[in-house]
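Trainee: Sequence and predicted structure are below.
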Amino acid sequence: MTATPAAPGGSMSPRHIGLAVLVAAVWGLNFVLIHVGLENFPPLLFCALRFAVVAVPAVFFVGPPKVAWRWVLGVGFVLGVVKFGLLFLGMHAGMPAGLSSLVLQSQAVFTALFAAVLLRERPGGRRLAGLAIAFAGIGLCAVDRGLGGPGGAFALVLLAAVAWGLSNVLTRRAAPSDALRWMVWVSAVPPLPLLGLSLLVEGPAEDLRALREITPAGLGAIGYVGLVSTLFGFVAWSYLLRSYDATAVAPYSLLVPVFGMSSAWLLLGERISPRAAGAALLVIAGIGITASRPGALSAAPGWWPRTRPRRTAAPAAADPVPRG
(Lines give C-alpha, C1' and ligand atoms only; values in the text may rest on other atoms or scores of the structure.)
Protein backbone atom coordinates (compact mmCIF):
# COMPACT_ATOMS: atom_id res chain seq x y z
CA MET A 1 0.00 0.00 0.00
CA THR A 2 1.20 3.49 -0.79
CA ALA A 3 0.06 6.07 1.67
CA THR A 4 -1.03 9.47 0.47
CA PRO A 5 -0.49 11.91 3.31
CA ALA A 6 -3.55 13.82 4.37
CA ALA A 7 -3.72 17.09 6.15
CA PRO A 8 -3.72 16.71 9.94
CA GLY A 9 -7.24 16.30 11.18
CA GLY A 10 -8.53 15.53 7.66
CA SER A 11 -11.60 13.30 7.49
CA MET A 12 -11.13 9.72 6.36
CA SER A 13 -12.63 8.48 3.11
CA PRO A 14 -15.43 5.89 3.33
CA ARG A 15 -13.06 3.25 1.95
CA HIS A 16 -10.52 3.93 4.66
CA ILE A 17 -13.18 4.06 7.36
CA GLY A 18 -14.21 0.60 6.19
CA LEU A 19 -10.58 -0.54 6.41
CA ALA A 20 -10.26 0.83 9.97
CA VAL A 21 -13.43 -0.96 11.04
CA LEU A 22 -12.21 -4.17 9.35
CA VAL A 23 -8.90 -4.03 11.25
CA ALA A 24 -10.77 -3.49 14.53
CA ALA A 25 -12.95 -6.50 13.72
CA VAL A 26 -9.90 -8.61 12.87
CA TRP A 27 -8.25 -7.68 16.17
CA GLY A 28 -11.44 -8.26 18.13
CA LEU A 29 -12.00 -11.69 16.58
CA ASN A 30 -8.37 -12.45 17.36
CA PHE A 31 -9.28 -13.23 20.97
CA VAL A 32 -11.71 -15.93 19.88
CA LEU A 33 -8.98 -17.50 17.76
CA ILE A 34 -6.58 -17.34 20.69
CA HIS A 35 -9.19 -19.27 22.68
CA VAL A 36 -9.34 -21.87 19.89
CA GLY A 37 -5.55 -22.13 19.80
CA LEU A 38 -5.37 -22.64 23.55
CA GLU A 39 -7.69 -25.63 23.18
CA ASN A 40 -5.09 -27.20 20.90
CA PHE A 41 -1.73 -26.10 22.34
CA PRO A 42 -0.16 -25.31 25.71
CA PRO A 43 -0.21 -21.51 26.08
CA LEU A 44 3.53 -20.82 25.93
CA LEU A 45 4.05 -23.17 22.98
CA PHE A 46 1.13 -21.54 21.14
CA CYS A 47 2.63 -18.11 21.80
CA ALA A 48 6.01 -19.26 20.43
CA LEU A 49 4.38 -20.67 17.29
CA ARG A 50 2.40 -17.46 16.80
CA PHE A 51 5.57 -15.35 16.63
CA ALA A 52 7.49 -17.91 14.59
CA VAL A 53 4.84 -17.71 11.87
CA VAL A 54 5.24 -13.92 11.75
CA ALA A 55 9.05 -13.87 11.74
CA VAL A 56 9.93 -16.84 9.50
CA PRO A 57 10.72 -16.53 6.67
CA ALA A 58 10.11 -12.74 6.68
CA VAL A 59 13.36 -11.93 8.51
CA PHE A 60 15.33 -13.21 5.51
CA PHE A 61 13.68 -10.72 3.15
CA VAL A 62 13.07 -7.48 5.04
CA GLY A 63 16.70 -6.62 5.72
CA PRO A 64 18.28 -5.77 9.08
CA PRO A 65 16.48 -3.49 11.54
CA LYS A 66 17.30 0.19 11.30
CA VAL A 67 17.41 0.73 15.06
CA ALA A 68 19.83 -0.40 17.75
CA TRP A 69 19.58 -4.08 18.65
CA ARG A 70 18.92 -3.26 22.30
CA TRP A 71 15.55 -1.79 21.32
CA VAL A 72 14.66 -4.81 19.18
CA LEU A 73 15.61 -7.23 21.95
CA GLY A 74 13.99 -5.15 24.68
CA VAL A 75 10.66 -4.68 22.94
CA GLY A 76 10.70 -8.25 21.61
CA PHE A 77 11.08 -9.56 25.16
CA VAL A 78 8.64 -7.19 26.92
CA LEU A 79 5.99 -7.33 24.21
CA GLY A 80 6.39 -10.85 22.87
CA VAL A 81 7.52 -12.91 25.85
CA VAL A 82 6.00 -11.00 28.78
CA LYS A 83 2.86 -9.36 27.35
CA PHE A 84 1.65 -12.12 25.06
CA GLY A 85 2.94 -14.87 27.35
CA LEU A 86 0.90 -13.47 30.25
CA LEU A 87 -2.14 -12.94 28.01
CA PHE A 88 -2.11 -16.53 26.77
CA LEU A 89 -1.51 -17.87 30.28
CA GLY A 90 -4.35 -15.76 31.65
CA MET A 91 -6.79 -16.92 29.00
CA HIS A 92 -5.65 -20.51 29.51
CA ALA A 93 -6.31 -20.08 33.25
CA GLY A 94 -9.90 -19.09 32.59
CA MET A 95 -10.05 -15.42 31.57
CA PRO A 96 -12.81 -15.16 28.93
CA ALA A 97 -11.84 -14.01 25.44
CA GLY A 98 -14.26 -11.08 25.43
CA LEU A 99 -13.18 -9.69 28.79
CA SER A 100 -9.53 -10.16 27.82
CA SER A 101 -10.06 -7.90 24.81
CA LEU A 102 -11.49 -5.28 27.16
CA VAL A 103 -8.94 -5.51 29.98
CA LEU A 104 -6.04 -5.18 27.54
CA GLN A 105 -7.35 -1.72 26.61
CA SER A 106 -6.07 -0.59 30.01
CA GLN A 107 -2.67 -0.47 28.30
CA ALA A 108 -3.59 3.16 27.50
CA VAL A 109 -3.52 3.91 31.24
CA PHE A 110 -0.18 2.19 31.76
CA THR A 111 1.31 3.75 28.63
CA ALA A 112 0.51 7.19 30.06
CA LEU A 113 2.02 6.26 33.44
CA PHE A 114 5.24 4.90 31.93
CA ALA A 115 5.48 7.89 29.57
CA ALA A 116 5.17 10.26 32.54
CA VAL A 117 7.91 8.45 34.48
CA LEU A 118 10.33 7.52 31.69
CA LEU A 119 9.71 10.19 29.04
CA ARG A 120 8.61 13.00 31.39
CA GLU A 121 5.40 13.46 29.41
CA ARG A 122 2.76 15.25 31.46
CA PRO A 123 -0.83 14.47 30.46
CA GLY A 124 -3.35 17.29 30.73
CA GLY A 125 -6.41 17.33 32.95
CA ARG A 126 -8.77 16.09 30.25
CA ARG A 127 -6.61 13.09 29.51
CA LEU A 128 -6.17 12.31 33.19
CA ALA A 129 -9.94 12.37 33.62
CA GLY A 130 -10.38 10.00 30.69
CA LEU A 131 -7.76 7.61 32.02
CA ALA A 132 -9.38 7.69 35.47
CA ILE A 133 -12.74 6.75 33.92
CA ALA A 134 -11.11 3.92 31.97
CA PHE A 135 -9.35 2.68 35.10
CA ALA A 136 -12.66 2.73 36.97
CA GLY A 137 -14.03 0.47 34.24
CA ILE A 138 -11.14 -1.93 34.73
CA GLY A 139 -11.84 -1.91 38.48
CA LEU A 140 -15.49 -2.74 37.86
CA CYS A 141 -14.37 -5.54 35.55
CA ALA A 142 -12.09 -6.85 38.32
CA VAL A 143 -15.01 -6.89 40.77
CA ASP A 144 -17.16 -8.73 38.24
CA ARG A 145 -14.40 -11.21 37.50
CA GLY A 146 -13.73 -11.73 41.20
CA LEU A 147 -17.35 -12.69 41.70
CA GLY A 148 -17.61 -14.86 38.61
CA GLY A 149 -14.26 -16.59 38.18
CA PRO A 150 -10.60 -16.95 39.20
CA GLY A 151 -8.98 -13.63 40.05
CA GLY A 152 -5.53 -14.93 39.13
CA ALA A 153 -6.47 -15.17 35.46
CA PHE A 154 -7.67 -11.55 35.51
CA ALA A 155 -4.41 -10.47 37.18
CA LEU A 156 -2.34 -12.16 34.47
CA VAL A 157 -4.20 -10.33 31.69
CA LEU A 158 -3.94 -7.03 33.59
CA LEU A 159 -0.18 -7.57 33.96
CA ALA A 160 -0.09 -8.21 30.21
CA ALA A 161 -1.60 -4.75 29.73
CA VAL A 162 1.12 -3.31 32.00
CA ALA A 163 3.80 -4.95 29.85
CA TRP A 164 2.12 -3.63 26.71
CA GLY A 165 2.22 -0.11 28.12
CA LEU A 166 5.95 -0.43 28.82
CA SER A 167 6.63 -1.81 25.33
CA ASN A 168 4.74 1.16 23.85
CA VAL A 169 7.08 3.59 25.58
CA LEU A 170 10.19 1.58 24.64
CA THR A 171 9.06 1.61 21.01
CA ARG A 172 8.55 5.34 21.13
CA ARG A 173 12.14 5.67 22.33
CA ALA A 174 13.34 3.37 19.56
CA ALA A 175 11.42 5.41 16.93
CA PRO A 176 11.60 2.81 14.11
CA SER A 177 11.31 4.38 10.66
CA ASP A 178 10.20 1.15 8.92
CA ALA A 179 7.24 -0.22 10.85
CA LEU A 180 6.90 -3.54 9.00
CA ARG A 181 10.61 -4.35 9.27
CA TRP A 182 10.50 -3.43 12.95
CA MET A 183 7.53 -5.69 13.60
CA VAL A 184 9.15 -8.65 11.84
CA TRP A 185 12.37 -8.36 13.84
CA VAL A 186 10.54 -7.82 17.12
CA SER A 187 8.58 -10.99 16.33
CA ALA A 188 11.84 -12.90 15.78
CA VAL A 189 12.87 -12.39 19.44
CA PRO A 190 10.13 -14.27 21.40
CA PRO A 191 9.99 -17.78 19.80
CA LEU A 192 13.13 -19.26 21.37
CA PRO A 193 12.62 -17.83 24.91
CA LEU A 194 8.96 -18.87 24.82
CA LEU A 195 9.87 -22.35 23.57
CA GLY A 196 12.42 -22.69 26.37
CA LEU A 197 9.83 -21.60 28.94
CA SER A 198 7.33 -24.02 27.46
CA LEU A 199 9.76 -26.92 27.77
CA LEU A 200 10.46 -25.98 31.41
CA VAL A 201 6.91 -25.18 32.51
CA GLU A 202 4.65 -27.23 30.23
CA GLY A 203 7.09 -30.06 29.60
CA PRO A 204 8.50 -31.70 26.45
CA ALA A 205 5.91 -34.47 26.56
CA GLU A 206 2.99 -32.02 26.47
CA ASP A 207 4.58 -29.99 23.67
CA LEU A 208 5.28 -33.08 21.55
CA ARG A 209 1.77 -34.37 22.14
CA ALA A 210 0.28 -31.07 20.95
CA LEU A 211 2.46 -31.06 17.83
CA ARG A 212 1.74 -34.71 17.02
CA GLU A 213 -2.01 -34.22 17.45
CA ILE A 214 -2.20 -30.88 15.66
CA THR A 215 -5.63 -30.24 14.16
CA PRO A 216 -6.92 -28.02 11.34
CA ALA A 217 -8.44 -25.78 14.01
CA GLY A 218 -5.05 -25.41 15.68
CA LEU A 219 -3.33 -24.62 12.39
CA GLY A 220 -6.05 -22.12 11.55
CA ALA A 221 -5.63 -20.40 14.91
CA ILE A 222 -1.87 -20.06 14.40
CA GLY A 223 -2.38 -18.74 10.88
CA TYR A 224 -5.03 -16.22 11.89
CA VAL A 225 -3.29 -14.91 15.01
CA GLY A 226 0.10 -14.70 13.28
CA LEU A 227 -0.64 -13.78 9.66
CA VAL A 228 -4.07 -12.15 9.62
CA SER A 229 -4.19 -10.36 12.96
CA THR A 230 -0.51 -9.41 13.09
CA LEU A 231 0.71 -8.97 9.52
CA PHE A 232 -2.47 -7.80 7.78
CA GLY A 233 -3.79 -5.88 10.78
CA PHE A 234 -0.55 -4.11 11.54
CA VAL A 235 0.27 -3.21 7.94
CA ALA A 236 -3.25 -1.88 7.32
CA TRP A 237 -3.26 0.13 10.56
CA SER A 238 0.18 1.57 9.83
CA TYR A 239 -1.02 2.54 6.35
CA LEU A 240 -3.95 4.44 7.84
CA LEU A 241 -1.73 6.18 10.39
CA ARG A 242 0.62 7.28 7.62
CA SER A 243 -2.29 8.54 5.50
CA TYR A 244 -4.20 10.49 8.16
CA ASP A 245 -3.66 12.35 11.38
CA ALA A 246 -3.49 9.87 14.28
CA THR A 247 -6.51 11.42 15.96
CA ALA A 248 -8.64 10.52 12.93
CA VAL A 249 -7.58 6.86 13.04
CA ALA A 250 -6.99 6.00 16.70
CA PRO A 251 -10.62 6.22 17.91
CA TYR A 252 -11.46 3.19 15.75
CA SER A 253 -9.36 1.13 18.18
CA LEU A 254 -12.26 1.54 20.62
CA LEU A 255 -14.16 -0.93 18.45
CA VAL A 256 -11.72 -3.74 19.30
CA PRO A 257 -13.32 -4.73 22.63
CA VAL A 258 -16.76 -4.26 21.06
CA PHE A 259 -15.91 -6.82 18.38
CA GLY A 260 -14.01 -8.94 20.91
CA MET A 261 -16.87 -9.21 23.39
CA SER A 262 -19.58 -9.61 20.73
CA SER A 263 -17.68 -12.29 18.80
CA ALA A 264 -16.97 -14.19 22.04
CA TRP A 265 -20.68 -14.02 22.85
CA LEU A 266 -21.73 -15.18 19.39
CA LEU A 267 -19.07 -17.85 18.76
CA LEU A 268 -18.12 -19.04 22.24
CA GLY A 269 -21.34 -18.42 24.13
CA GLU A 270 -19.65 -16.14 26.67
CA ARG A 271 -22.19 -14.33 28.82
CA ILE A 272 -21.83 -10.58 29.18
CA SER A 273 -22.96 -9.66 32.70
CA PRO A 274 -24.40 -6.22 33.49
CA ARG A 275 -21.18 -5.38 35.39
CA ALA A 276 -19.03 -6.39 32.41
CA ALA A 277 -21.21 -4.31 30.07
CA GLY A 278 -20.88 -1.33 32.41
CA ALA A 279 -17.13 -1.84 32.63
CA ALA A 280 -16.89 -1.91 28.84
CA LEU A 281 -18.80 1.37 28.56
CA LEU A 282 -16.53 3.03 31.12
CA VAL A 283 -13.33 1.81 29.46
CA ILE A 284 -14.45 2.81 25.97
CA ALA A 285 -15.73 6.20 27.18
CA GLY A 286 -12.57 6.91 29.15
CA ILE A 287 -10.21 6.07 26.32
CA GLY A 288 -12.51 7.96 23.94
CA ILE A 289 -12.04 11.10 26.04
CA THR A 290 -8.27 10.74 25.78
CA ALA A 291 -8.66 10.47 21.99
CA SER A 292 -10.69 13.64 21.67
CA ARG A 293 -7.72 15.89 21.09
CA PRO A 294 -4.46 15.58 19.10
CA GLY A 295 -1.98 12.99 20.29
CA ALA A 296 -4.05 11.88 23.24
CA LEU A 297 -4.63 8.25 22.35
CA SER A 298 -1.04 7.15 22.02
CA ALA A 299 -1.34 3.44 21.46
CA ALA A 300 -2.58 1.63 18.41
CA PRO A 301 -4.09 -1.64 19.59
CA GLY A 302 -2.04 -3.84 17.35
CA TRP A 303 1.43 -3.29 18.76
CA TRP A 304 2.70 0.08 19.87
CA PRO A 305 2.14 3.84 19.81
CA ARG A 306 1.31 5.46 16.54
CA THR A 307 3.86 5.43 13.75
CA ARG A 308 6.60 7.97 13.83
CA PRO A 309 5.01 11.40 13.33
CA ARG A 310 5.58 13.38 10.18
CA ARG A 311 7.50 16.53 10.88
CA THR A 312 9.49 19.21 9.19
CA ALA A 313 13.25 19.09 9.01
CA ALA A 314 15.02 20.29 12.12
CA PRO A 315 18.58 20.26 13.43
CA ALA A 316 19.62 16.91 14.87
CA ALA A 317 20.15 18.43 18.28
CA ALA A 318 16.48 19.36 18.48
CA ASP A 319 15.36 15.76 18.05
CA PRO A 320 14.45 14.36 21.48
CA VAL A 321 14.31 10.74 20.31
CA PRO A 322 17.66 8.93 20.85
CA ARG A 323 19.04 7.17 17.80
CA GLY A 324 21.56 4.85 19.48
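Mentor: That came through, no problem. Numbering: from 1, shown residues only.

Trainee: Where does pLDDT dip in the stretch 151-300 of the chain?
Mentor: Low-confidence segments of the stretch 151-300 of the chain (pLDDT under 70): 246-247, 290-300.

Trainee: Swap in 80 and give it another go.
Mentor: 151, 238, 241-242, 245-251, 253-254, 273, 276, 284, 286-300 (pLDDT under 80).

Trainee: For it, which segments count as helices?
Mentor: Applying DSSP state H, counting those that start in this stretch to the stretch 151-300 of the chain gives helices spanning 151-174, 179-188, 191-201, 204-212, 216-223, 233-243, 246-249, 255-268, 274-290.

Trainee: Now tabulate the ones you listed in JSON lines and tack on distance to residue 20 and mean neighbour count.
Mentor: Every residue, glycine included, has its C-beta placed from N, CA and C. Output for these, formatted as JSON lines (distance: least, CB to CB, whole Å; neighbours: other CB atoms under 10 Å):
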{"stretch": "helix 151-174", "distance to residue 20": "20", "mean neighbour count": "22"}
{"stretch": "helix 179-188", "distance to residue 20": "16", "mean neighbour count": "23"}
{"stretch": "helix 191-201", "distance to residue 20": "30", "mean neighbour count": "17"}
{"stretch": "helix 204-212", "distance to residue 20": "36", "mean neighbour count": "13"}
{"stretch": "helix 216-223", "distance to residue 20": "23", "mean neighbour count": "16"}
{"stretch": "helix 233-243", "distance to residue 20": "6", "mean neighbour count": "21"}
{"stretch": "helix 246-249", "distance to residue 20": "6", "mean neighbour count": "22"}
{"stretch": "helix 255-268", "distance to residue 20": "8", "mean neighbour count": "20"}
{"stretch": "helix 274-290", "distance to residue 20": "15", "mean neighbour count": "20"}
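
Trainee: so which of those gets nearest residue 55?
Mentor: Closest of these to residue 55 is helix 179-188, at 3.9 Å (criterion: CB to CB).

Trainee: ok so, going back, wait, which of the helices of the stretch 151-300 of the chain is closest to residue 28?
Mentor: Proximity to residue 28, assessed across the helices of the stretch 151-300 of the chain by CB to CB, is greatest for helix 255-268 (2.5 Å).

Trainee: quick check: angle from the closest one to helix 274-290?
Mentor: Angle, helix 255-268 to helix 274-290, by axes from the mean of the first three to the mean of the last three CA atoms, to 10 degrees: 150 degrees.

Trainee: and stretch 116-131, which residues are buried?
Mentor: Across stretch 116-131, burial judged by 16 or more other CB atoms under 10 Å covers 123, 127, 130-131.

Trainee: sorry, that was for stretch 88-101
Mentor: 88-93, 95-101.

Trainee: Tell me which of these fall in helices.
Mentor: Those of the buried residues of stretch 88-101 mapping onto helices are 88-92, 97-101, per DSSP state H.

Trainee: I'd say residue 85 and residue 46 touch.
Mentor: No: with contact defined as CB atoms under 8 Å, residue 85 does not reach residue 46; the gap is 10.1 Å.

Trainee: Tell me which of those two has more neighbours.
Mentor: residue 46 (27 against 23; other CB atoms under 10 Å).

Trainee: Packing partners of the strand or helix carrying the more buried one?
Mentor: In this assignment (DSSP states H and E), residue 46 forms part of helix 43-55. On a contact count with 3 or more CB pairs under 8 Å, 6 or more residues apart in numbering; DSSP states H and E, helix 43-55 meets helix 14-38, helix 84-92, helix 179-188, helix 191-201, helix 204-212, helix 216-223.

Trainee: and the last one, what does it pack onto?
Mentor: The contact analysis (3+ CB pairs under 8 Å, 6+ apart) places helix 216-223 against helix 14-38, helix 43-55.

Trainee: picking that back up, now, which of the buried residues of stretch 116-131 sits nearest residue 255?
Mentor: residue 130 (17.1 Å).

Trainee: In a helix, that closest one, correct?
Mentor: Yes: counting by DSSP: H, G, I helix; E, B strand; the rest coil, residue 130 falls inside a helix.

Trainee: which ones are touching the nearest residue to it once chain neighbours are set aside?
Mentor: Leaving aside its chain neighbours, residue 130 sits nearest to residue 289 (3.1 Å; criterion: CB to CB, 6 or more residues apart in numbering). By CB atoms under 8 Å, 6 or more residues apart in numbering, the contact set of residue 289 is 126-127, 129-130, 133.

Trainee: swap the cut-off to 7 Å and go again
Mentor: By CB atoms under 7 Å, 6 or more residues apart in numbering, the contact list for residue 289 reads 126, 129-130, 133.

Trainee: how close does it get to residue 260?
Mentor: Distance, residue 289 to residue 260, using CB to CB, to the nearest Å: 21 Å.

Trainee: before we move on, what about residue 250?
Mentor: Plainly put, residue 250 is 17 Å away from residue 260 if you go by CB to CB.

Trainee: picking up where we left off before, widest-spaced pair of the buried residues of stretch 116-131?
Mentor: 123 and 130 (9.0 Å).

Trainee: That's all I had, so thanks and see you.
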